[in-house]
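Participant: attaching a predicted model along with its sequence, questions to come.
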Amino acid sequence: MAATVTERLQALTDDKTLSPDEAQRAVAAELDTVLEGLKAAPSRRKGKLLSRLFNGGKSGGPLTRGLYIHGSVGRGKTMLMDMFFELAPIADKRRAHFFAFMADVQDRLNAYRRKLKAGEVKEADPIGPVADEIIAENRLLCFDEFTVTDIADAMILSRLFSALFERGCVLVATSNVAPDDLYRDGLNRGLFLPFIDVLKENVTVTTLDSATDYRMEKFEGRPVYLTPLDEKTAARMDENWKLLTGSREGEAEEIEMRGRVLHVPRACGEVARFSFDDLCKKPLGATDYMAIARRYRTVFIDGVPVLGSDSRNEIKRFIMLIDTLYDQTIRTVISAAAMPEDLLPERKGREGFEFDRTASRLFEMRSTDYLAAHKKKWAENAAE
């Protein structure tokens, strides 16, 4: 049985499950270094425990240096981390989506504050006690999709992870962005910046920049406009989602926009999923659609209906939405009740004229040329 990430990767290459990839091999070797550190950790743990006794619960640093793997989607980051997690020779380990972990942290902080209010605890700052709880359960934390979009999370990360690292936590994470680009353009980002230094002090930062996007390779050639709205179409939409996200469900997230937030019901990395009602029945506008286009590489839209004269607001928003996604060369995966030219049977006045353009763009967004332009644009963005 394979004992290292490198050996597991080689076995999958040997049986033709995977293609040889030197960039993946390099990251596998770095993960193996972390594995070796964890294997050596028991001999040092006694000293760490004594250190904690004499340093107010702090052990002086992680048992071994962690790893932060960043790069474009579909390069194999999650696959490699999952191999590492399975091989990690300790029982007290946790693998989670970063959003799920932070939701748990916020719940723990709120629970501690309730205890403080009730007089059940005395320490005013909940960060230390919550870090104690987390490290008592898990010394190794593996996070998929490490990204920061929530200001409440951003404001506590530096203190939280300083406390966790001081207590011996080892962190391994995947992300689509380098540490220096986390929470870029976020509110009060200056207060977040110390976290980046804390992170770099305790993990090795590496890039997985394989030339091949394996998810895109599997997805190419699949239809991106599906009709009619039935169980078969819904299943095909779900299949497309799984291909582009590595079979991950995704999580709700929020995009901060000038003092307000835009709710995204389901997202995974650079892929987001909305219903037609989410995008066109709610009071959204061009700024909202542009925020979505800047944040995500692929947008799923479920359940586009045939539109009638009683849906003027929805028609206007749908026209604006498609214009924005088209202009930004976003790959758009749609399930609809009818083909583009039949979505608005009665076309009158200016809206009817504009919908002619929308139908034309929806048709073009399915084309090989458009999808090739999308692929080229995002490859250039990744290279910058």
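Facilitator: Yes, it's here.
Participant: all the helices of the stretch 251-384 of the chain, residue numbers only.
Facilitator: For the stretch 251-384 of the chain, the helices defined by DSSP state H, counting those that start in this stretch occupy 276-280, 286-295, 312-327, 349-364, 368-383.
Participant: save those helices as JSON lines, and put in distance to residue 335 and mean pLDDT too.
Facilitator: For the C-beta atoms, the positions are set from N, CA and C on the backbone; glycine is no exception. Converted to JSON lines, the helices of the stretch 251-384 of the chain look like this (distance: least, C-beta to C-beta, whole Å; pLDDT from 0 to 100):
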{"stretch": "helix 276-280", "distance to residue 335": "9", "mean pLDDT": "97"}
{"stretch": "helix 286-295", "distance to residue 335": "18", "mean pLDDT": "91"}
{"stretch": "helix 312-327", "distance to residue 335": "14", "mean pLDDT": "93"}
{"stretch": "helix 349-364", "distance to residue 335": "12", "mean pLDDT": "85"}
{"stretch": "helix 368-383", "distance to residue 335": "18", "mean pLDDT": "77"}
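Participant: nearest to residue 268, of those?
Facilitator: helix 286-295 (12.3 Å; C-beta to C-beta).
Participant: then the longest strand seen in the chain to CSV, C-alphas only?
Facilitator: Once the chain is assigned using DSSP state E, the strand that runs over the most residues is strand 260-268. What follows is strand 260-268, C-alpha atoms only, in CSV (Å, rounded to 0.1, in the frame of the first residue of the first chain):
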residue,chain,number,x,y,z
ARG,A,260,-23.9,45.7,1.2
VAL,A,261,-23.6,42.0,0.3
LEU,A,262,-24.8,40.0,-2.7
HIS,A,263,-25.9,36.5,-1.7
VAL,A,264,-24.6,33.6,-3.8
PRO,A,265,-26.7,30.5,-3.0
ARG,A,266,-24.1,28.0,-4.2
ALA,A,267,-20.4,28.4,-5.1
CYS,A,268,-17.3,26.3,-5.4
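Participant: state the mean pLDDT of it.
Facilitator: Strand 260-268 shows a mean pLDDT of 90.
Participant: and that strand, which strands flank it?
Facilitator: Strand 260-268 pairs in its sheet with strand 251-257 (antiparallel), strand 271-275 (antiparallel), by DSSP bridges.
Participant: returning to what we had before: now mean neighbour count and distance to residue 104 too, for the helices of the stretch 251-384 of the chain, in TSV please.
Facilitator: Below are these laid out as TSV (neighbours: other C-beta atoms under 10 Å; distance: least, C-beta to C-beta, whole Å):
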stretch	mean neighbour count	distance to residue 104
helix 276-280	19	26
helix 286-295	17	24
helix 312-327	19	34
helix 349-364	15	41
helix 368-383	13	31
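Participant: could you chop the protein up by domain?
Facilitator: Using automatic domain parsing, the domain parsing of the chain gives 5-207, 214-383.
Participant: for the helix or strand where residue 7 lies, buried residues please.
Facilitator: Using DSSP states H and E, residue 7 sits in helix 5-14. Residues of helix 5-14 classed as buried by neighbour count (16 or more other C-beta atoms under 10 Å): 5-6, 8-10, 12.
Participant: mean pLDDT lowest where, among the strands paired with strand 260-268?
Facilitator: strand 251-257 (a mean of 85).
Participant: between that strand and helix 286-295, how many degrees?
Facilitator: Going by axes from the mean of the first three to the mean of the last three C-alpha atoms, to 10 degrees, strand 251-257 is angled at 120 degrees with respect to helix 286-295.
Participant: identify the residues contacting strand 251-257?
Facilitator: In this structure, residues lying in contact with strand 251-257 by C-beta atoms under 8 Å, 6 or more residues apart in numbering are 97, 99-100, 149-151, 186-187, 261-268, 287-288, 291-292, 295.
Participant: of the residues you listed, buried ones?
Facilitator: By 16+ other C-beta under 10 Å, the contacts of strand 251-257 give 97, 99, 149-151, 186, 262, 264, 266-268, 288, 291-292, 295 as buried.
Participant: hang on, the earlier thing: possible to save the helices of the stretch 251-384 of the chain as TSV with distance to residue 109?
Facilitator: TSV is the format used below for these (distance: least, C-beta to C-beta, whole Å):
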stretch	distance to residue 109
helix 276-280	29
helix 286-295	27
helix 312-327	37
helix 349-364	45
helix 368-383	36
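Participant: ok so, going back, what's the most buried one of the strands paired with strand 260-268?
Facilitator: strand 271-275 (a mean of 21; mean count of other C-beta atoms under 10 Å).
Participant: and that one, how far out from the chain middle?
Facilitator: Between the centre of strand 271-275 and the centre of its chain there are 13 Å (C-alpha atoms, centre = their mean, to the nearest Å).
Participant: on that earlier part again, hmm, who's touching the longest strand of the chain?
Facilitator: Residues from elsewhere that reach strand 260-268 (C-beta under 8 Å, 6+ apart): 145, 244-245, 248-255, 272-275, 278, 284, 288, 291-292, 295-296.
Participant: do stretch 312-329 as well
Facilitator: Counting by C-beta under 8 Å, 6+ apart, the neighbours of stretch 312-329 from elsewhere in the structure are 276, 279-281, 284-286, 289-290, 292-294, 299, 304, 307, 332, 344, 351, 354-355, 357-358, 361-362, 364-365, 370, 373-374, 377.
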